[in-house]
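Peer 1: Output the structure for:
(chains A and B)
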Amino acid sequence: MTNFKKPNLMDGLAAEAREGRISRRSFMQRSMAAGLTASTATGLWTGAARAEPKRGGTFRWGIHDGNTSDTHDPGTYVTRQMIFLAHQYRSYLTMINPDNSLGPDLATEWSATPDAAEWTFKITDKASFHSGRKVTANDVVASLNHHRGETSSAAKALLTSVTDITAKDDTTIVITLDGGNADLPWLMTDYHLAICPANDDGTIDWESADGCGPYKIDEGEFGVSWSLSRHDGWHGEGAWFDKVQMLILNDPNARQTALVTGDVDCVSLVELKTLALLQRRPDIEVDNVPSGAAITMPMFCDTAPFDNVDVRTALKLSMNRQEIIDKIAFGAATMGNDFHIAPVQPFYPTDIPQHEYDPDKAKSLLKKAGAEGMSISLHTADSVFSGAVDMCVLYSEQAKASGINIDVVREPNDGYYSDVWLKKPFTAVSWGARPTPDVMFTLAYKSDAAWNESHWQNERFNELLLQAKAELDQNLRAEMYREMSLLMHDDGGTIIPFFNNFVFAHSTKVQHNPDLAASWACDGARAPSRWWFA
Amino acid sequence: MGDVASLILKRLALGVVTLFVISILIFGAVEMLPGDIAQAVLGQSATPENLAALREQMGLDQPAIVRYFHWLTGAISGDFGNSLVTGERVSSTIGPRLLNTLFLASYAAAIAVPLAIILGILVALARNSVFDRVANILALTAISSPEFFLGYVLILYLSVKTGLFPAISSLQGDMSFGDLLYRTFLPALTMVLVVMAHMMRMTRAAIINLLASPYIEMARLKGVPSWKVIVFHALPNALAPIINVVALNLAYLITGVVLVEVVFVYPGVGQLLVDAVSKRDFPIVQACCLIFAATFILLNLAADVGSILTNPRLRHPK
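Peer 2: Below is the predicted model:
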C-alpha cells in the first residue's frame, strides 16, 4: 500500500487512480486543477494511471445473511448467501453492468416485436456448464419454466404475464407475453432466474449445483463457507481471481473483526454506527454505493385527514430529510423526493424540484385544508430497518414546527407486514430495489395493485403506466416516467425520506473499477468476477 | 458391583422414557410456533398458491399426530428422517456439526478440568491468602460476564491488538491438527473461562470442608506436609461433589456453546439449531434437542456412578 503524501500531486493522483480510489471524472477535474490540459489528463488516465486487472489470488469474502437451511433451488432464493453464491456459479440471461445499464450475460442480443409482446433472445454458443456440457436454449427454457405453472417458486408473480417460452433453435429463445412489456430484458436479471442444466423431462437439475457461472463450486456447506475455483470455459470477461472463498459471517462484529484482522478481503455489509471508525483505517476502503432500495411512509389517500392533497403535501414538507440522513442513516443514504425512482435507476427524472423542509409553507397548507394542529398516528417497528423507530420519532419532532402532532406507535416486529402494513393508515415500510420503475409502480402504486400501500388512485398515472410498459421508444418512455414521477411528487400519498445505500468494505489489496453496480452490495454481487488483487 | 450395573440399566431405561417425553414436548413446541415452515421458507414473497404447493411437497397437509408418529417409528429404528427444507438426511446434516461441537467441548474440557482442579487445590492450600483472593476474583469475574462479552474481550486483546490468534474460527477440510488447535484456541479459551470458576470453587469448598475433620487433624499431628494432607487425605473424600460439578460443566460445554459459536463463526450444532428453529425444520430441531438431552442424561448418570465408585460406603452397601 503506497501512501498518499507524495511530494508530487500528479503522482499521488495517479496512485489513487491505480488503486481505483477515484473515478475518472474526479481524476480529470483534479488533474486539470493541477494545471494539465484535458487531453494530457485523458492520456494519463487511459495510459499510465489506470491499473490493468491481473489474474491470481484467493478472494476471501465475508457474507452476511446466510442460513444452514438454504438450498440450491433458485425458486427459494431469499438470503444473501444464496443470491451472492448464485451470481458466482450460475449465469443469467442479462445482467446489470457496473454503470447500472443493462448488459449481456448468456444472451448476446435480444429484440422484440413492435408491440413488445414477443421477445427473442439469442444466447452465446461459448457458454458451458461446469460439468462440460454446452448451454443451449433448452436449458434456458427449462430454467424459466421452473418458476411458472404449478410451482412453489417465489418468482412466480414475476412471470405471470408470460404465456409461452419456446426454443427456436439451439441458441434462440422466444418468450410470448399476454401484453407488451418493454422491460422484459431487465426482468431477466432477477436473482431467481438463474440458468440451470435441463433434465430430459423439461425440469431442471438444481440439486447437483452444476452451473455456467464464472466460478465452480469445489466444496461448501450452507451457513458455513463455500470454496470455488475459476471455470475456464466461462463465456464472460473477468473472473481474475483463481479461487473464491465465501465465509458466512452473520454476526456484525465477527464480520468487522475478520476484515480488520485480515481474515477476509471483503465484507458485504458494514455496521453504520462504527463506519466512521472503520474509515480511519488506511488499509481498508469503504464503498458507500447509492441503491434503489427505499424507505417509504405511505398514507391512505382515502382516509381522513390524508384524503386532502394539501395535508399530504404539508406532511412531505414537514420532514427535514437531511437531518434524518445524517442522524439515522449516518450519511449512508440518498435523499428521496417522494417519487419512487432512485437516482441510480433507469428513467430517473433530474428536473423535479426537491421537497425541502418548510414548516411555514406546511402551516399555510394546513390552514387552507382546515387541519391546523392536527394529530395523527405513525406506525412503525424496529424490524423495518435499523433505526426505523428513531427516524419516526425524529420526524415527529420536526413536524411539531408545522403544528402537526405525530404520535409514533411502536408495533411488534412479528407480523408487522401482515397486521400493520396495508392495515394502518400511516406506516413506515422498507422496499428492496426493483430493476425498473415499471416493476415498482405496478407493484405498489397502480390503482388496483394488491400492495397499493397508499390507496392512491390517479387516473392519469394508471393510463401512463400502461402506455409506458409497452413503449419501446426510450425517449418517449423517459418522458412518461417523468410525468408519473411528478404526479407522485405533487399528488401521491407516499413520503420517501431516503434511498438507503449499500455499505460494504474491502482491503486495499483488492481493487475495482470506480463504477459499482447498484443492484446488490459488492458490485451487484459480482465482485469475484469483476474485482482483482493489486 | 452388581448394584452399580443394575443402577446403570435402570437409569438408562428412565433416560429413554425421558427422551420420549422430551420429543413430544419439542414437537408440540415447534407446532405451536406461529406460522409454518412453508411461510418461513417463502417469506415475503409467499402467495396462497405457492404456499399450498410447498406444503403438499413437504407433507404438511397431513395432521400433526400422523406426522409425529411417522417420525417416531423412524426414530425408533434409528432413522431420524430428512430435513424438511433441504431434503438432506438429518444424520448427514448434524453429524459433521456435532463432531465440531464435541471437538471444541473436549478441547475446552481438556484445559479447564485439570486447571480448575489444580487451582482449586492450590487455593485451598493457600486459603485466605492474596493468591486465593485474586484467583477467586478473576474466576468469578469470568463466570459473571456473558460468554459473548468474554469472547469480544479476548478477540480485542489477543486478535485485533496483538494478532496472536485468528478472530474467526472458520475450518477447512485440509487443516492439520496443530492448525485446528490454533484456529479454535480463542473459542476454547472463552469456554474455559466460563466453566472454570464453578469447578474451582467447588474443589476449594469441598477440600476446606474436610480440613476440619478429625482424621485430617490426625494426619497433621503425624507431621504430614500440608500438600500431602490435601492431595492424599482430603481430595479422595472430596471427589464426589467435584465429579458432580465437572459432569454438569461438561454438559454445559456441549449444550451452551451457541453464543460462542456465533461470536467466533464456528460451524457447530448451535448455529444449526437456531437456523432450524427459525425455519420450523422439525426433524433437525428434534434431533439436536434429543442429542442435548441425551448428553445431560448420560453425564448425570456418569456423575452418579462416579460418586458411587469413589465412595467405599456406597460401593459396598450393607
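Peer 1: so when I look at B:Ala167, I'm seeing a helix, right?
Peer 2: No. Per DSSP: H, G, I helix; E, B strand; the rest coil, B:Ala167 lies outside any helix segment and is coil.
Peer 1: any idea how far the closest residue to B:Ser145 other than its chain neighbours is from B:Ala167?
Peer 2: Using C-beta to C-beta, 6 or more residues apart in numbering or on different chains and skipping residues adjacent in sequence, the residue nearest B:Ser145 is B:Val153, 7.8 Å away. C-beta here means a position set from N, CA and C on the backbone, and glycine is covered the same way. For B:Val153, the distance to B:Ala167 (C-beta to C-beta, to the nearest Å) stands at 12 Å.
Peer 1: neighbour-wise, which of those two wins?
Peer 2: B:Ala167 (27 against 14; other C-beta atoms under 10 Å in any protein chain shown).
Peer 1: Phi, psi for that one please.
Peer 2: Backbone torsions of B:Ala167, given as degrees, to the nearest 10, read phi -80, psi -30.
Peer 1: doesn't A:Gln256 make contact with it?
Peer 2: No. B:Ala167 lies out of contact with A:Gln256 (C-beta atoms under 8 Å); the separation is 9.5 Å.
Peer 1: Around chain B, pick out the residues from chain A.
Peer 2: Listed as neighbours of chain B in chain A under the rule C-beta under 8 Å from any C-beta of the partner chain: A:67-71, A:76, A:78, A:150-157, A:219, A:221-225, A:227, A:247-251, A:253-254, A:257-258, A:260-261, A:263, A:414-415, A:417.
Peer 1: Please write out the alpha-carbon positions of stretch B:256-265 in CSV.
Peer 2: Provided in CSV are the C-alpha atoms of stretch B:256-265 (Å, rounded to 0.1, in the frame of the first residue of the first chain):
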residue,chain,number,x,y,z
GLY,B,256,-24.1,-24.0,26.0
VAL,B,257,-21.8,-23.1,23.2
VAL,B,258,-24.3,-21.4,20.9
LEU,B,259,-23.3,-17.9,21.7
VAL,B,260,-19.6,-18.7,21.5
GLU,B,261,-20.1,-20.4,18.1
VAL,B,262,-21.8,-17.3,16.8
VAL,B,263,-19.1,-14.9,18.0
PHE,B,264,-16.3,-16.9,16.5
VAL,B,265,-18.3,-18.2,13.5
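Peer 1: That one vs chain A: in contact?
Peer 2: Yes. Using C-beta under 8 Å from any C-beta, stretch B:256-265 reaches chain A at B:Val262, B:Val263, B:Phe264, B:Val265.
Peer 1: chain center to that stretch: distance?
Peer 2: The chain centre lies 12 Å from the centre of stretch B:256-265; the measure is C-alpha atoms, centre = their mean, to the nearest Å.
Peer 1: For that stretch, give me every contacting residue.
Peer 2: The contact list for stretch B:256-265 (C-beta atoms under 8 Å, 6 or more residues apart in numbering or on different chains) reads A:247-251, A:253-254, A:258, B:101, B:104-105, B:146-148, B:151-152, B:155, B:167-170, B:184, B:186-187, B:190-191, B:194, B:266-268, B:270-271, B:273-274.
Peer 1: Pull out the buried members of the residues you listed.
Peer 2: A:247-251, A:253-254, A:258, B:101, B:104-105, B:147-148, B:151-152, B:155, B:167-170, B:184, B:186-187, B:190-191, B:194, B:266-268, B:270-271, B:273-274 (16 or more other C-beta atoms under 10 Å in any protein chain shown).
Peer 1: Mind checking which of those are in strands?
Peer 2: A:Leu247, A:Ile248 (DSSP state E).
Peer 1: Helices - which of the buried ones among the contacts of stretch B:256-265 land there?
Peer 2: A:253-254, A:258, B:101, B:104-105, B:147-148, B:151-152, B:186-187, B:190-191, B:194, B:270-271, B:273-274 (DSSP state H).
Peer 1: Could you tell me which of the residues of chain A next to chain B belong to helices?
Peer 2: Filtering the residues of chain A next to chain B for helices - DSSP H - leaves A:Asn253, A:Ala254, A:Thr257, A:Ala258, A:Val260, A:Tyr417.
Peer 1: Export the residues you listed as TSV, with columns for pLDDT.
Peer 2: Listed next are those as TSV, based on pLDDT from 0 to 100:
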residue	pLDDT
A:Asn253	85
A:Ala254	87
A:Thr257	90
A:Ala258	92
A:Val260	92
A:Tyr417	75
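Peer 1: And those residues, which two are furthest apart?
Peer 2: Distance extremes for those: the farthest pair is A:Val260 and A:Tyr417 at 35.4 Å, using C-beta to C-beta.
Peer 1: So for the two, which sits in the more crowded spot?
Peer 2: A:Val260 (21 against 18).
Peer 1: now that one, nearest residue through space, not along the chain?
Peer 2: Nearest one to A:Val260, counting by C-beta to C-beta, 6+ apart, is B:Val160 at 6.0 Å.
Peer 1: again with B:Leu301
Peer 2: B:Leu301's closest residue in space is B:Arg11 (C-beta to C-beta, 6+ apart), at 4.9 Å.
Peer 1: Hmm, that neighbour is touching B:Ala303, no?
Peer 2: No. Taking contacts as C-beta under 8 Å, B:Arg11 lies outside contact range of B:Ala303: 11.0 Å.
Peer 1: Tell me, how many residues neighbour residue 93?
Peer 2: Chain wasn't specified; assuming chain A. 24.
Peer 1: not what I meant, chain B
Peer 2: 25.
Peer 1: Ok, the one 3 residues further on next?
Peer 2: Look at B:Pro96: counted by other C-beta under 10 Å, it has 16 neighbours.
Peer 1: For B:Ala197, which residues are in contact?
Peer 2: Contacts of B:Ala197 by C-beta under 8 Å, 6+ apart are B:Ala139, B:Leu140, B:Ala142, B:Ile143.
Peer 1: again with B:Leu301
Peer 2: B:Leu301 sits next to B:Ile8, B:Arg11, B:Leu12, B:Gly15 when contact means C-beta under 8 Å, 6+ apart.
Peer 1: gap between the first one and chain A?
Peer 2: With distances taken as C-beta to the nearest C-beta, to the nearest Å, B:Ile8 is found 36 Å from chain A.
Peer 1: part of a helix, is that residue?
Peer 2: Yes. Counting by three-state DSSP, B:Ile8 falls inside a helix.
Peer 1: coming back round to it: just the buried residues out of the residues of chain A next to chain B, in ChimeraX syntax.
Peer 2: In ChimeraX, the members of those classed as buried (16+ other C-beta under 10 Å) are selected with the following command:
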select /A:67,68,69,70,71,76,78,151,152,153,154,155,156,222,223,224,225,227,247,248,249,250,251,253,254,257,258,260,261,263,417
